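Asker: Quick one: sequence plus predicted model below, questions after.
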2 protein chains.
Amino acid sequence: MATIKEVASKAGVSIATVSNVISGRIPVSPHLKQRVLEAVRALDYHPNHIARSLKVRQTHMLGMIIPDITNPFFPEIIRGAEEAARERSYLLITVNTDERVEREQNALAALRSRRVDGFLIAIAPGDGTIEHIRNAADSGTPIVFLDRVPPGIGVDSVVVDNVRGARECVRHLVRMGHQEIAIITGSLSLGIGRQRLEGYQEALSEAGIEYNPALVFEGDFRETSGYRLGKQIAFRQHLPSAIFVCNAMMTVGVLQALDEAGVHCPRDIALATFDELPFGRAFHPLLTCVAQPTFDLGFKGASMLIDRIEGKLTGGPVTIQLPAELSIRESTAAAGLNRARFTA
Amino acid sequence: MATIKEVASKAGVSIATVSNVISGRIPVSPHLKQRVLEAVRALDYHPNHIARSLKVRQTHMLGMIIPDITNPFFPEIIRGAEEAARERSYLLITVNTDERVEREQNALAALRSRRVDGFLIAIAPGDGTIEHIRNAADSGTPIVFLDRVPPGIGVDSVVVDNVRGARECVRHLVRMGHQEIAIITGSLSLGIGRQRLEGYQEALSEAGIEYNPALVFEGDFRETSGYRLGKQIAFRQHLPSAIFVCNAMMTVGVLQALDEAGVHCPRDIALATFDELPFGRAFHPLLTCVAQPTFDLGFKGASMLIDRIEGKLTGGPVTIQLPAELSIRESTAAAGLNRARFTA
DNA sequence: TTGTACGCGTTATCAG
DNA sequence: CTGATAACGCGTACAA
């Protein structure tokens, strides 16, 4: 690959002049500029960002750590973050941890070695060891948490109002006449898992419905746990009249389980889910869900991170809380109550 | 961030010794090794990969360029590629182009500036300008194409046997008694788009069914085009008895369109799709599809690329062709022929 | 095993 | 406005 020296030599100028043309920071006479640009094109010159990073001590790279790239929730976040990064000429590097803390640690180490300018992190569920994250924060690298925030660490974050979203969704179920509402939670070692459960509890309590632990099934946000717990619910001696599932991946599993068990939604049971599958438009029945502002989560997170990096945001930790929006659809239409029959 | 010098000083050894401990290339006495490791931990030292890259002239980074991260086909490929990269300690950097050639060019330039050791590329549809790719290839950086290969450039690739996959799928439709089979193609400026159409044509020809251009609808692999063309088909004066859709994203659109038009699958029309939605298990009806080996595509692509980079693979371009597998499910069950009624 | 000079490609600084 | 040159942090190679 051509170097700045070769360009300079080809254009008959000094390397400093080439550098000035490329960066545009210091004006160069049109005549020389022209010659430089020609040499750049002729040699297919691409400035060596590595050398540049070494010198300026920043890489213009953002490290993003997410737990599950096969959950469509995250690709949307990535798109948002990538868009913000692109606009401000940062490169986003995303690493997937498969919900494993050990991979999260490795990813963090790899990205710190690469000297990314900042981190966007959605943590994996774990036993609460966040030493690796605390270390990164202590090193002075800005961090913004996305969606999932570990406890006891004061950094920026962009999150969803999980409690409210869950509450409104369960309220809707109650309004539809449901008294016996099962919940399939996410990992309760995660704040978002607990918050959604909390919203569920609040909605029940408001309605004067007693909280029944036997209706609480703890999943892990992955499809297989939805499938497993869905089966468990379907084969209970007594079917609840509704299920509130705490994310869309698990809902896919639940749908399959119900289907195999011959339980029809919404005729036999109502289903509502936190989080939306982008492909839900093709589902039958259409799912009542709490849609999250995924793109925005990523976009705002990356924007905030870059502001921190560039010193445009100073002072204590900032938390941006985004609302989630309830969409009422077919899956909660008079279900399980045998008041009406619904055919998709 | 701590430097190798600080570690050396803290451990009371030379930087060369620290370097040797870290890299493990030259043995160091257990005693000193221990002291170095302690210092590393105490200082939370992370080797500066930037400086290292500048010296050794390789970054251990793989650049991946994909057209649509919201199409679940690609996250699976990313997982595969990332897995292969991780195992061989490379870092995968993925950039999404939103199917836009202009972004592809920018991505390529950015990654070349970053001096990635090689490229994994699934091209965006365009007017055939592949100068940017040819330049990258000419610069000596290894490239492996994934799934989508531009014409007229001799580089490695990992692809799917599209012709055969499509042919078998349409054959199945023919076997089910369909004579009038519409096709919603992908972008025909892409090889994969043309190949799937070719498979369709072959299957028809085998069966002695005349090829009818009026049944060919050109989409672009995105959901909205499926929706639009689905509507078009649904409102034709004469409904075909089956549709073969060339990828799953478009199928989601088609399903929605049929639904809105009151056309029921499989009762009124059969549907088969190339490519599988991972969430298809929750669909009604379950979709007959040609499943692609997505993870493998990514894994094999990245493995091959790293082999090239490390000189373990030499010689002319290699193409790995992976089979796609037909899964027959409910959406093609005796449809449109009014021979039977099927209720999901 | 250690010390150390050297170079990697760039940018920043300062002298012309 | 242009050019010469010293960093940036590390890996390598050598001599001690």
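Answerer: That came in fine, so what should we check first?
Asker: Report the distance from stretch A:245-257 to the chain centre.
Answerer: Here stretch A:245-257 is found 18 Å from its chain centre; the criterion is Cα atoms, centre = their mean, to the nearest Å.
Asker: what's the answer for stretch A:243-262, then?
Answerer: That offset, for stretch A:243-262, works out to 21 Å (Cα atoms, centre = their mean).
Asker: close to chain B, is that stretch?
Answerer: Yes. Residues of stretch A:243-262 contacting chain B under Cβ under 8 Å from any Cβ of the partner chain: A:Thr251, A:Val252, A:Leu255, A:Gln256, A:Asp259. In this view, the C-beta of every residue, glycine as well, is placed from N, C-alpha and C.
Asker: Looking at neighbours, which among those residues is most surrounded?
Answerer: A:Thr251 (31 neighbours; other Cβ atoms under 10 Å in any protein chain shown).
Asker: Could you check the pLDDT of that one?
Answerer: pLDDT for A:Thr251: 95.
Asker: Kindly report the same for A:Gln321.
Answerer: For A:Gln321, the pLDDT comes out at 98.
Asker: My guess is it contacts A:Val159. True?
Answerer: Yes. Counting by Cβ atoms under 8 Å, A:Gln321 touches A:Val159, with 5.6 Å between them.
Asker: So for these two, which residue has more residues nearby?
Answerer: Per other Cβ under 10 Å, whichever of A:Gln321 and A:Val159 has more neighbours is A:Val159, with 19 against 11.
Asker: touching chain B at all, stretch A:59-73?
Answerer: Yes. Stretch A:59-73 lies within reach of chain B by Cβ under 8 Å from any Cβ, at A:Thr59, A:Ile69, A:Thr70, A:Pro72.
Asker: Mind putting the residues you listed into JSON lines with pLDDT, distance to B:Val290 and secondary structure?
Answerer: Conversion of these to JSON lines gives the following (pLDDT from 0 to 100; distance: Cβ to Cβ, whole Å; DSSP: H, G, I helix; E, B strand; the rest coil):
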{"residue": "A:Thr59", "pLDDT": "95", "distance to B:Val290": "42", "secondary structure": "coil"}
{"residue": "A:Ile69", "pLDDT": "96", "distance to B:Val290": "23", "secondary structure": "coil"}
{"residue": "A:Thr70", "pLDDT": "93", "distance to B:Val290": "20", "secondary structure": "coil"}
{"residue": "A:Pro72", "pLDDT": "94", "distance to B:Val290": "21", "secondary structure": "coil"}
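Asker: Closest to B:Leu313 out of those?
Answerer: A:Ile69 (27.4 Å; Cβ to Cβ).
Asker: Tally up the residues packed near that closest one, please.
Answerer: A:Ile69 has 24 nearby residues by other Cβ under 10 Å.
Asker: State the distance from the spatially closest residue to A:Leu43 that is not a sequence neighbour to DNA strand C.
Answerer: Leaving aside its chain neighbours, A:Leu43 sits nearest to A:Ala2 (3.9 Å; criterion: Cβ to Cβ, 6 or more residues apart in numbering or on different chains). The gap separating A:Ala2 from DNA strand C is 8 Å, by Cβ to the nearest atom of the strand, to the nearest Å.
Asker: in terms of contact, does A:Ala2 touch A:Pro47 like I think?
Answerer: No. At 9.8 Å, A:Ala2 does not count as touching A:Pro47 under the criterion of Cβ under 8 Å.
Asker: residue in the stretch 201-344 of chain A nearest to DNA strand C?
Answerer: In the stretch 201-344 of chain A, no residue comes nearer to DNA strand C than A:Glu310, which is 14.0 Å away by Cβ to the nearest atom of the strand.
Asker: neighbours around that residue, how many?
Answerer: Per other Cβ under 10 Å, the neighbour tally for A:Glu310 reads 13.
Asker: and the gap between it and A:Ser303?
Answerer: 11 Å (Cβ to Cβ, to the nearest Å).
Asker: From the residues of stretch A:59-73 next to chain B, pick the one nearest B:His31.
Answerer: Of the residues of stretch A:59-73 next to chain B, the one sitting nearest to B:His31 (Cβ to Cβ) turns out to be A:Thr59, at 36.1 Å.
Asker: what does the stretch 51-200 of chain A have sitting close to DNA strand C?
Answerer: Residues of the stretch 51-200 of chain A found near DNA strand C (Cβ under 7 Å from any atom of the strand) are A:Ala51, A:Arg52, A:Leu54, A:Lys55, A:Val56.
Asker: and A:Ala182, that's in a strand?
Answerer: Yes. Under DSSP: H, G, I helix; E, B strand; the rest coil, A:Ala182 sits within a strand.
Asker: Who are the packing partners of whatever helix or strand A:Ala51 lives in?
Answerer: Element membership for A:Ala51 (DSSP states H and E) is helix A:49-56. Judged by 3 or more Cβ pairs under 8 Å, 6 or more residues apart in numbering or on different chains; DSSP states H and E, the packing partners of helix A:49-56 are helix B:49-56.
Asker: The helix or strand following the helix it packs on packs against which elements?
Answerer: Downstream of helix B:49-56, the next assigned helix or strand under DSSP H and E is strand B:61-66. On a contact count with 3+ Cβ pairs under 8 Å, 6+ apart, strand B:61-66 meets helix B:73-87, strand B:91-96, helix B:101-113, strand B:118-121, helix B:294-309.
Asker: does A:Ser19 really touch A:Ile4, like I thought?
Answerer: Yes. Using Cβ under 8 Å, A:Ser19 is in contact with A:Ile4, at 6.5 Å.
Asker: Contacts only, for A:Pro325.
Answerer: Quick fix: residue A:325 is Glu, not Pro. Taking Cβ atoms under 8 Å, 6 or more residues apart in numbering or on different chains as the criterion, A:Glu325 is in contact with A:Gly165, A:Val290, A:Ala291, A:Pro293.
Asker: Mind listing the residues bridging to it?
Answerer: With DSSP bridges as the criterion, A:Glu325 is bridged to A:Ala291.
Asker: Looking at it now. What's its pLDDT?
Answerer: Model confidence at A:Glu325, given as pLDDT, is 97.
Asker: From A:Thr294, how far off is it?
Answerer: For A:Glu325, the distance to A:Thr294 - Cβ to Cβ - is 12 Å.
Asker: cool, and A:Ala51?
Answerer: From A:Ala51 to A:Thr294 the distance is 37 Å (Cβ to Cβ).
Asker: Give me the more crowded residue out of these two.
Answerer: More crowded of A:Ala51 and A:Thr294, by other Cβ under 10 Å: A:Thr294, with 25 against 16.
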